[in-house]
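Asker: with the sequence up front, the predicted model follows.
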Amino acid sequence: MDNGESSTNNSSRPWESYNTVFTNAKAGMEGVDKEKVQRIVYELSKGSKYFQNEERKETLMKQKIEHMHDRSAKLSSSDLSNYQKVVDRRILELEATRDLSRIWLHVDMDAFYAAVETLSNPSLGGKPMAVGGLSMISTANYEARKFGVRAAMPGFIARKLCPDLIFVPVDFTKYTHYSELARKVFRNYDPQFIAGSLDEAYLDITEVCRERGLSGGEIAEELRSSVYSETGLTCSAGVAANRLLAKVCSDINKPNGQFILQNDRSTVMTFISSLPIRKIGGIGKVTEHILKDALGIKTCEDMVQKGSLLYALFSQSSADFFLSVGLGLGETDTPQARSRKSISCERTFSATEDEKLLYSKLAEIAEMLSDDMKKEGLIARTLTLKLKTATFEIRSRAVSLKRYTCSSEDILKHATKLLKAELPVSVRLIGLRMSQFSDEIRHSDPSQETITKFIVQKDFSRQNLDDNKIDASKNCLSNDESMSLSFDTHETSYDQLKDVLENEEQSQLDANKVPPNQECTRKEERPQVLEGDALLIKHKEYKPDTSHSMNDNSSAQNSEPVTLFLPIEPLFWIDGYKCNLCGIELPPSFVEERQEHSDFHLAQRLQNEESGSSSSTTPTSKRRILGKEKANSKPKKQKQSEKDDATCHLVLYYPHTISFQERTPEEMKMALNLIPPKLNLSPSNSLGEPKSLPSMSDILTSSRARNLDLKIQTLGPFFRVTGKNADTGGEIGRAEGVVRPWFGQGLVLHLDTIRLTKETMKMDKSVLGVGLYVGAVAIRHGYDCGCRTAQLLAIYDSDLYHSKLVRFYRRIGFEEVKEVSGSLIGDMADMLVWGGVGTRMDANIHHLLLKWSKVFLKSNV
DNA sequence: ATTTGAAGGACCC
DNA sequence: CACCAGGGTCCTTCATCG
C-alpha cells in the first residue's frame, strides 16, 4: 500500500495512476518522455470499455494485495519462525541442487519482426516503424521506441505518440525463414538448443566452450557475429550458469550486446541481490505488485529475506520458485523436447450480439482451426470456446469429446452447443482451442501401427500410409457420418460401433438443436441423461492404457492362470452336510456359510500354491511422495456390516427397473465381431505374447466344452452373468454388477456379486473353473462396454477369510485400492454401493483378459 | 484418496 | 470518429460420489 507520492495527486494527474505495460522501462526506452507517453495513453484510453475493464482488474488486484497484506499481518511470530524453518530447510535443499558447471547462453534477436521487415525493405531503415496493425503492434523498431511506441501497444495509440509511424503488417512466413537461418547458427553451438520462440533460444554452450577452450563471452561474440553474417540481423546474448539468469542477462545490453555473468556463487548472489523481481521471467505485473505492495519484496534478494512470508502465503510450488529465484537458481539441464499441448484460433471483431453473426464467426473459426489441425496432423478431444465480451470479460467453456477429432464439423457442432448456452451475450472475440491430443498421432512412429491410425485407415481407406502428416479431409474422424446400424460387415470397427451409439445420442440432440441461422424457438432443455443406457454410451475414447505399461511384463510373466484354475480335489459335502476336506458340518440351508467355507478352502489352496512365488507388486509402494505429510491414521477396523443387498441400493439410484434384456451368446458374438480381429491393445506388443484377447465367443465356446451354459443379461448399465449346467439347466453361478462412470477413470466395471451355488459342487469342475468363466464373461462384457477397470470389494468377514480373499483376488490380477472400514464418513458411500466393509480392489481389465487369454484360447481346441 | 475436467488467470512473445 | 491481438504455457481452485 505504499503507493507513495503518485497516489497523492491522482486528481490533478490521473494518468500517473494508470499503470500500463507501456510504463515499464524496457530496452530502447531511454530518453523517452515517459510522462508524456503515459498521459497520451491515458487520454486515449479513459472511458473506453477496455479502460473500464483495466480498472476493474486493477481493483481486483488491489483487493488481492490487501488480502495478502492482511494475511501477512496476521501471521504470528511463531508461525513465522515455523515457516522460517521450512525456508531454511528448503534453502539447503535448493542449494544442494545448484549446478555451476554449465554455461547457458540466451540469444534474443533485436526487434526481430521489425528488423526482418527492414531487411526485406531497406527503405524502412532509420524510420520509426512498427510491425502490426492499427489494433495491435507486435514489435516496434528502435526509432519508434524513442517515441514510446512498443510491443503490445494498440496501433492507434502508437500513431498518436508518433504520427509518422510506419505500419507494416505481420508476415510470419518471413520471420520463420529468418528464424530458421539463425537457428542453423545456434545448432553449431548446441544441436539441442531450446527454441523459446521465433526470436529467442537457449543454448547449452558448456561443451563448445570446453572443446574450443573459449569463454562464454567469446562464444557469445562469435555466435552473434555469425548470426549477423548469416541473417543480417543483430541479436543480444546473455551468458550465465542457468537459463533463468541467462535470460535476464541477455536483456541487459540490448540491442546488439551481451552480458556475461560468471559462474561463481558470490558473483551470482551479488547480481541477484539488487535485481528487481520484475526482471525475472515468470514474474509479471501482477506478481510484482503483490510481492512489492503486500510484502515489500522488491529485489530477488528480498525473496530470501522474506522467505517465511512466501511459504506462509503462497503455494508450495510458487514459494519454491520465488525462493530459488532469490538464490539465483534456474534450470541447468536440457529438458525433453516438448510437444505442443493445444492449438487454437481466435478472432476479434466489433462487438455484437447478433446470434446469426456470432454463429457464422464461430463457423469460420472452427474451419480455420480444423485446417490448422489438419496441417499439423493433430486430433484432439477437448474443445474450449473462448469468448471476450463487449466488456472485455473473458469466458471459457470446455467440453471433452468422446472421440479425438479434427474435423470442422465436429468442432463446430460442439462449439455451437457451447456458444448457444452463453447466449444472449455481446461478444467481441471468439476463440476455439483444442487440447488433449491423441498420443498415437502425436508421437507418431511410422513403424508402429497405432490404434488411431488403424481406425483412420480403416474408416477412410487411406492410400499414402507413409505420409506422416495426416491428410485432413479424408483422415479426420468425423462424428457426422451417417452410419447405418449394419452389423453385417466385418470391416466395422469398434469405433464405428461407438459412432453408431453416439449418433443415436446425437440424433436426439439434433432434435433439440436449432439451426444456427434460425430463430431460436425451441427452448426446451435437453433432459439430463442419467439413465443407464446413456452410461453405456458415454464411455471414453478407447485406447491402450500406457500408464500401466510398466506392469505389463510382470503380469505377462507370472500369468499361469491355467494351473491356477485346474481342478484339484474338489470340495463337496459328504452326506449333504459334511465337508470332504476338513470334516466340518454345515447343513444345506446354510448357503452363505457354505459358500464362505468353500471359498476358504479355495483361498487356502491358493496360498499353498503361492508359497513359492512372492507377489512382485506391492501396490502401496507405488504411492508417490506428496508434499502433504498428513499421517493417514486409518484405523483398519472391522465392524460387521449389516449385509445389505447392494443391488437394492443401486436400484435406488437407478429406479427405472423394468426387466432384464436377454442377450444370448449368439448376440454377444455378433457384437464382438465388431471388434477388429487383429487389433492389439497391448501396449507392449513387442513381446511375443498372445496377440489377441479372448473374445466373448472364445470364452463361451470354451465354457461349453465344460458343459457350462453362460448367459449375460443387461439392463442399462446393469448386467448379470449366469452360468447353468448345460445338462440340467440348474444355475451354478452368477455374477452381477454395473457398468458405470467412475471419477476420473471413465467407465468401470463394478463387480457386485460373484456367487456360486451349491449346484456347483455337483459339477466335476472346480469351483474356480466356474467362477473364472462367470467372471470372465463379466470382465469381457466390461471390456466391450469400454471399461478399463474392474472394481470389487473383498468383503471383510473374518481376518482369516478376508486376507485369503484379498490374496486370491490379487492373484487373479486385482490390486488393493483402499480399505472400506466403515469408520470414515467417506466410507459410507462405498458401503452403500458395495453393501459392506472390506477391501476395495481394482484390476485393469485389459490386463486381466490378457492374462487369461491362454486359458480360453487353449481350451478352444 | 486420487485423478480429472473445467474455469479462470498470469505470463510470455 | 472511435479504436487494445493472437498464439501459446503453466498454475490454482473447485467440484465430485455411485
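Answerer: Good, I have the coordinates. Numbers count the residues shown, from 1 in each chain, chains lettered A, B, ... in the order given.
Asker: please enumerate the strands of the stretch 351-500 of chain A.
Answerer: A:380-389, A:394-405, A:427-437 (DSSP state E, counting those that start in this stretch).
Asker: which one of those lies nearest to DNA strand C?
Answerer: Among the strands of the stretch 351-500 of chain A, the nearest to DNA strand C by C-beta to the nearest atom of the strand is strand A:427-437 (5.3 Å). Backbone N, C-alpha and C define where each C-beta goes, glycine included.
Asker: put the alpha carbons of that closest one into CSV.
Answerer: Extracted C-alpha coordinates of strand A:427-437, given in CSV (Å, rounded to 0.1, in the frame of the first residue of the first chain):
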residue,chain,number,x,y,z
VAL,A,427,-19.1,-10.6,-27.8
ARG,A,428,-16.0,-9.0,-29.3
LEU,A,429,-13.9,-12.1,-29.6
ILE,A,430,-14.5,-15.8,-30.3
GLY,A,431,-11.8,-18.3,-29.9
LEU,A,432,-11.6,-22.1,-30.2
ARG,A,433,-8.9,-24.3,-28.7
MET,A,434,-8.4,-28.0,-29.0
SER,A,435,-6.3,-29.8,-26.5
GLN,A,436,-5.7,-33.3,-25.2
PHE,A,437,-4.2,-34.7,-28.3
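Asker: and the angle from it to strand A:380-389?
Answerer: For strand A:427-437 against strand A:380-389, the angle by axes from the mean of the first three to the mean of the last three C-alpha atoms, to 10 degrees is 160 degrees.
Asker: give me the angle between strand A:427-437 and strand A:394-405.
Answerer: Using the same axes, to 10 degrees: strand A:427-437 against strand A:394-405 is 40 degrees.
Asker: contacts (any at all) between DNA strand B and strand A:427-437?
Answerer: Yes - against DNA strand B, strand A:427-437 shows contacts by C-beta under 7 Å from any atom of the strand at A:Gln436.
Asker: please name every helix or strand in contact with that strand.
Answerer: strand A:342-352, helix A:355-376, strand A:380-389, helix A:408-422 (3 or more C-beta pairs under 8 Å, 6 or more residues apart in numbering; DSSP states H and E).
Asker: could you redo the ones you listed as a markdown table and give each row mean pLDDT, mean neighbour count and distance to A:Arg210?
Answerer: As requested, the helices and strands packed on strand A:427-437 are exported to a markdown table (pLDDT from 0 to 100; neighbours: other C-beta atoms under 10 Å; distance: least, C-beta to C-beta, whole Å):
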| stretch | mean pLDDT | mean neighbour count | distance to A:Arg210 |
| --- | --- | --- | --- |
| strand A:342-352 | 96 | 14 | 39 |
| helix A:355-376 | 95 | 19 | 38 |
| strand A:380-389 | 96 | 20 | 43 |
| helix A:408-422 | 94 | 20 | 51 |
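Asker: in a markdown table: the ones you listed, plus distance to A:Asp88.
Answerer: Shown next, in a markdown table, are the helices and strands packed on strand A:427-437 (distance: least, C-beta to C-beta, whole Å):
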| stretch | distance to A:Asp88 |
| --- | --- |
| strand A:342-352 | 40 |
| helix A:355-376 | 48 |
| strand A:380-389 | 42 |
| helix A:408-422 | 49 |
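Asker: the ones you listed: which one's closest to A:Phe193?
Answerer: Of all the helices and strands packed on strand A:427-437, helix A:355-376 sits nearest to A:Phe193, with 22.1 Å by C-beta to C-beta.
Asker: how big is the angle separating the closest one from strand A:380-389?
Answerer: Using the same axes, to 10 degrees: helix A:355-376 against strand A:380-389 is 140 degrees.
Asker: helices and strands around helix A:355-376, which ones?
Answerer: strand A:342-352, helix A:408-422, strand A:427-437, helix A:472-475.
Asker: swap the cut-off to 6 Å and go again
Answerer: For helix A:355-376, the packing partners by 3 or more C-beta pairs under 6 Å, 6 or more residues apart in numbering; DSSP states H and E come out as strand A:342-352, helix A:408-422, strand A:427-437.
Asker: do the second one and DNA strand B meet at all?
Answerer: No - with C-beta under 7 Å from any atom of the strand as the criterion, DNA strand B is not reached by helix A:408-422; the gap is at least 7.7 Å.
Asker: just want the angle from that helix to strand A:380-389.
Answerer: Using the same axes, to 10 degrees: helix A:408-422 against strand A:380-389 is 40 degrees.
Asker: and helix A:408-422, what does it pack against?
Answerer: Helix A:408-422 packs on helix A:355-376, strand A:380-389, going by 3+ C-beta pairs under 6 Å, 6+ apart.
Asker: distance to DNA strand C added to those, as JSON lines?
Answerer: What follows is the helices and strands packed on helix A:408-422, written out as JSON lines (distance: least, C-beta to the nearest atom of the strand, whole Å):
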{"stretch": "helix A:355-376", "distance to DNA strand C": "6"}
{"stretch": "strand A:380-389", "distance to DNA strand C": "7"}
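Asker: out of those, the one nearest DNA strand B is which?
Answerer: When the helices and strands packed on helix A:408-422 are compared by C-beta to the nearest atom of the strand, strand A:380-389 sits nearest DNA strand B, at 4.7 Å.
Asker: you'd agree A:Asn141 is up against A:Ala114?
Answerer: Yes - using C-beta atoms under 6 Å, A:Asn141 is in contact with A:Ala114, at 3.9 Å.
Asker: quick check: neighbours shared by the two?
Answerer: A:Met129 (C-beta atoms under 6 Å, 6 or more residues apart in numbering).
Asker: coming back round to it: and the helices and strands packed on helix A:355-376: which comes nearest DNA strand C?
Answerer: Closest approach to DNA strand C among the helices and strands packed on helix A:355-376 (C-beta to the nearest atom of the strand): strand A:342-352, 3.3 Å.
Asker: what is the orientation angle of that closest one with strand A:380-389?
Answerer: Using the same axes, to 10 degrees, strand A:342-352 lies at 30 degrees relative to strand A:380-389.
Asker: give me the contacts around strand A:342-352.
Answerer: Contacts to strand A:342-352, defined as C-beta under 6 Å, 6+ apart, come from residues A:365, A:368-369, A:372-373, A:390, A:426, A:428-429, A:431-435.
Asker: so which of these is the closest to A:Val239?
Answerer: Of the contacts of strand A:342-352, the one sitting nearest to A:Val239 (C-beta to C-beta) turns out to be A:Ser435, at 35.8 Å.
Asker: so what's the residue count around A:Arg56?
Answerer: A total of 13 residues lie near A:Arg56 under the criterion other C-beta atoms under 10 Å.
Asker: likewise A:Leu44?
Answerer: 16.
Asker: who's in contact with it?
Answerer: Counted by C-beta under 6 Å, 6+ apart, A:Leu44 has contacts A:Ile157.
Asker: same question for the one 3 residues further on.
Answerer: Under the criterion of C-beta under 6 Å, 6+ apart, the contact list for A:Gly47 is empty.
Asker: point out where the stretch 601-750 of chain A drops to low pLDDT.
Answerer: A:601-692, A:715-717, A:740-747 (pLDDT under 70).
Asker: same deal with chain A?
Answerer: Filtered on pLDDT under 70, chain A yields the residue ranges A:1-12, A:17, A:19-31, A:440-692, A:715-717, A:740-747, A:752-772, A:794-840, A:851-861.
Asker: outline the domain layout of it.
Answerer: Here the domain parsing of chain A from automatic domain parsing is A:342-527, A:546-616+A:642-677+A:693-859.
Asker: how many residues are close by A:Asp251?
Answerer: 17.
Asker: how far away is it from A:Val268?
Answerer: Separation of A:Asp251 from A:Val268 (C-beta to C-beta, to the nearest Å): 16 Å.
Asker: sticking with the residue nearest to A:Leu310 when sequence neighbours are not counted, tell me its helix or strand.
Answerer: In this structure, A:Leu310 finds its nearest non-sequential neighbour in A:Ala319, 4.5 Å apart by C-beta to C-beta, 6 or more residues apart in numbering. Assigned by DSSP states H and E, A:Ala319 belongs to helix A:316-326.
Asker: hmm, whichever strand or helix holds A:Asp709 touching DNA strand C?
Answerer: Assigned by DSSP H and E, A:Asp709 belongs to strand A:708-715. No - Strand A:708-715 lies apart from DNA strand C when judged by C-beta under 7 Å from any atom of the strand; the minimum separation is 14.8 Å.
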